[in-house]
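Chemist: One predicted model, sequence on top.
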Amino acid sequence: MQLGNETHGLFSKCKTVMVVLFCGLAMAACNRQPHVPPQATPEVATVAVAPQNVVLTTELPGRTSPYLIAEIRPQVNGLIQKRLFTEGSDVQAGQVLYQIDPAPFQATLDNALAALGRSEANLPATQARAERFQQAVADKAVSQQDFDDAVAALKQVEADIQYWKAMVETARINLGYTRVTAPISGRIGKSSVTDGAIVTAYQPVALATIQQLDPIYVDVPQSTTELLGLRRRLADGRINNKGTSPSKVSLILEDGTKYPLEGTLQFRDVSVDPTTATVILRMVFPNPNGVLLPGMFVRAVVKEGVNDHAILIPQQAVTRDPKGNPVGLIVNAAGKVEQRVLSLDRAIGDQWLVASGLAPGDRVIVEGMQKVRPGAAVKEVPFDAARKPGAPQPPTSN
């Protein structure tokens, strides 16, 4: 019994010691402060805003059309004896394209010439008779009526001569129309008739069509909104025409390549198409190699003017807020991030032209925007546009 009491006492003492030891360890743990490593300052790449001279252009879709176009139609009735050109070839103005059977027109000309000769043959005798009657009537040898008849006969012969001269000229013109010639130089298309076909004067179906392709027109529609905006920018002084030629335009082909030759803006139409609210700009481009064909879709690059104080920033520096407004982050003088709401004019290559929201000297964050928030302190490094995205920044010296 005594042994049991001693064992119970020993167990109680051990329990007390363990409780004291546990409490001591707990207190030591509470007094120990956790070690938190210092947070590193986020690093961002920035570009400094600097105004520069930029030539502003507008890219507009358009379509090519022939500089000259002529539909070949016969001017007399007849039978096509021969087609004298190769389809799809270049022809010169005055070149004979079709030969219509000239025999009936030659016969008409010969008949008119014969009638003219007969009238001219009667003229001397009739004229002499009228002169004799004039002297005789003065001497009272013939009556006044006989003299009047002689004068009338002379005038009739003279009128017949003029009539048959006109008939000869008409017959000669119609005979010339049997040789259907090219009114302009250019490239001729396919023929709608073959040898032996009967044609009529001024028929609705053209025999062939000639198109002059060098130079060539480019017709481009421009919206009235863009036109008014351009005039407003010129009036406000945001752009000017100094150092540029607004009449010079360039061209981008359907496959995205640039046309090597520069064109000229001829005129801007004075009326607005009510269905599309656009005006037509007509341009002329040289086309010596025939690269441009009628009906091709192209994009014309029209020079608006020069912005002497243009602010350009990389496109990746601009994001959108929940409302869709373009915003950018800058590093202020205190080295902290500041958000700016921007107004963008247009994209120029891989950059945005900023109309408002930035000032010269502002340092715009281009990379590292995901790691920072407005008001946060950041470490700046210069932005390298040639560096591939995701590549490490080069080491900077402090």
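Modeler: Good, I have the coordinates.
Chemist: Show me where the stretch 251-398 of the chain dips below the pLDDT cut-off.
Modeler: For the stretch 251-398 of the chain, residues meeting the criterion pLDDT under 70 lie at 385-398.
Chemist: Show me where the stretch 101-250 of the chain has its strands.
Modeler: 179-181, 186-188, 198-199, 208-223, 248-252 (DSSP state E, counting those that start in this stretch).
Chemist: Validate this expectation: Glu380 resides in a strand.
Modeler: Yes. Under DSSP: H, G, I helix; E, B strand; the rest coil, Glu380 sits within a strand.
Chemist: For it, list the residues it contacts.
Modeler: Neighbouring residues of Glu380 by CB atoms under 8 Å, 6 or more residues apart in numbering: Glu43, Val44, Ala45, Thr46, Val331, Gly335, Arg363. The way it works is simple: take the backbone N, C-alpha and C, and place the C-beta from them, glycine included.
Chemist: hey, what's it bridged with?
Modeler: Legend: beta-bridge partners of Glu380 under DSSP bridges are Val44.
Chemist: Please apply the same query to Val284.
Modeler: Tyr217, Thr264.
Chemist: Tell me the spacing between it and Gln266.
Modeler: Relative to Gln266, Val284 is positioned 6 Å away (CB to CB, to the nearest Å).
Chemist: which one of the two has more residues nearby?
Modeler: Legend: neighbour count by other CB atoms under 10 Å for Val284 and Gln266, higher for Val284 (15 against 12).
Chemist: Test my guess that that one contacts Leu261.
Modeler: No. With contacts defined as CB atoms under 8 Å, Val284 does not count as touching Leu261, sitting 10.8 Å away.
Chemist: Any chance of TSV for the strands of the stretch 101-250 of the chain, columns distance to Gly295 and mean neighbour count?
Modeler: Below are these laid out as TSV (distance: least, CB to CB, whole Å; neighbours: other CB atoms under 10 Å):
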stretch	distance to Gly295	mean neighbour count
strand 179-181	26	17
strand 186-188	14	21
strand 198-199	28	16
strand 208-223	10	20
strand 248-252	15	19
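Chemist: So for Ala359, which of these sits nearest?
Modeler: Proximity to Ala359, assessed across these by CB to CB, is greatest for strand 208-223 (31.5 Å).
Chemist: which helices and strands sit right next to that closest one?
Modeler: Contact analysis of strand 208-223 by 3 or more CB pairs under 8 Å, 6 or more residues apart in numbering; DSSP states H and E lists strand 52-72, strand 186-188, strand 278-285, strand 297-314 as its packing neighbours.
Chemist: Give me the helices and strands touching the second one, please.
Modeler: This points to strand 186-188. Checking 3+ CB pairs under 8 Å, 6+ apart, strand 186-188 ends up next to strand 52-72, strand 90-91, strand 208-223.
Chemist: Neighbouring strands of that strand in the sheet, and parallel or not?
Modeler: Strand pairing (DSSP bridges) places strand 186-188 next to strand 90-91 (antiparallel), strand 208-223 (antiparallel).
Chemist: what about these, which gets the closest to Thr278?
Modeler: Nearest of the strands paired with strand 186-188 (CB to CB): strand 208-223, 3.9 Å.
Chemist: what distance separates that closest one from the middle of the whole chain?
Modeler: Chain-centre distance of strand 208-223: 12 Å, with CA atoms, centre = their mean, to the nearest Å.
Chemist: tilt between it and strand 248-252?
Modeler: Angle, strand 208-223 to strand 248-252, by axes from the mean of the first three to the mean of the last three CA atoms, to 10 degrees: 100 degrees.
Chemist: I'd like the distance between Gln81 and Gly196.
Modeler: For Gln81 relative to Gly196 (CB to CB), the value is 8 Å.
Chemist: The two - which one has more neighbours?
Modeler: Taking other CB under 10 Å, Gln81 and Gly196 do not tie; Gln81 has more neighbours (15 against 9).
Chemist: For the spatially most central residue of the chain, which residues are in contact?
Modeler: Centroid-nearest residue in the chain: Ala300, 2.9 Å away (criterion: CA atoms, centre = their mean). By CB under 8 Å, 6+ apart, the contact list for Ala300 reads 59-62, 218, 220, 249-252, 263, 281, 283.
Chemist: Closest to Val372 out of those?
Modeler: Distances from Val372 to the contacts of Ala300, taken by CB to CB, are shortest for Glu59, at 35.5 Å.
Chemist: Ala201 is in contact with Gln75, isn't it?
Modeler: Yes. Counting by CB under 8 Å, Ala201 touches Gln75, with 5.5 Å between them.
Chemist: Nice, that's everything, thank you.
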